[in-house]
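**Q** I would like the atomic coordinates for the input below:
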Amino acid sequence: MEEHSAERLAAIVESSFDAIISKDLSGTIVSWNRAAERMFGYPETEAIGKPIYLIIPDDKRDEEADILRRLKLGERVEPFQTTRRHRDGRMVPISITIL
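**A** Numbers count the residues shown, from 1 in each chain. Alright, predicted model coming up:
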């Protein structure tokens, strides 16, 4: 039963129109769905294992460092609006929800 739940969850994430990215507490990307590929221009094979800073504009690095710090402390991060960087350099306005 648990295996089917994991498969179902993976199918939901992969078919979502929302970019769903997970990272570990050091900021390394551990999952990257197709919507993230479309939104940021990097295929999964180029994103997995890379620092999340791959898509963070230079002027937002402090924002990401604060997110990681708060997560390590077990604090909740409220959803917020920001920008991230596409592979081609353009800025992408996004809404972030951290679970």
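**Q** which SSE is immediately downstream of the biggest helix by length in the chain?
**A** With DSSP state H applied, the helix covering the greatest number of residues in the chain is identified as helix 2-15. On the C-terminal side of helix 2-15, the nearest following helix or strand under DSSP states H and E is strand 21-23.
**Q** so the closest residue to residue 22 other than its chain neighbours, which of the three states?
**A** Excluding the flanking residues, the one nearest residue 22 by Cβ to Cβ, 6 or more residues apart in numbering is residue 31, at 4.3 Å. In short, each C-beta sits where N, CA and C put it, glycine included. For residue 31, the reduced secondary structure class is strand; criterion used: DSSP: H, G, I helix; E, B strand; the rest coil.
**Q** contacting residues for residue 31?
**A** For residue 31, the contact set (Cβ atoms under 8 Å, 6 or more residues apart in numbering) comprises 13, 20-22, 48.
**Q** from these, which would you call buried?
**A** When burial is judged by neighbour count using 16 or more other Cβ atoms under 10 Å, the buried members of those are 20-21.
**Q** no further questions, thank you.
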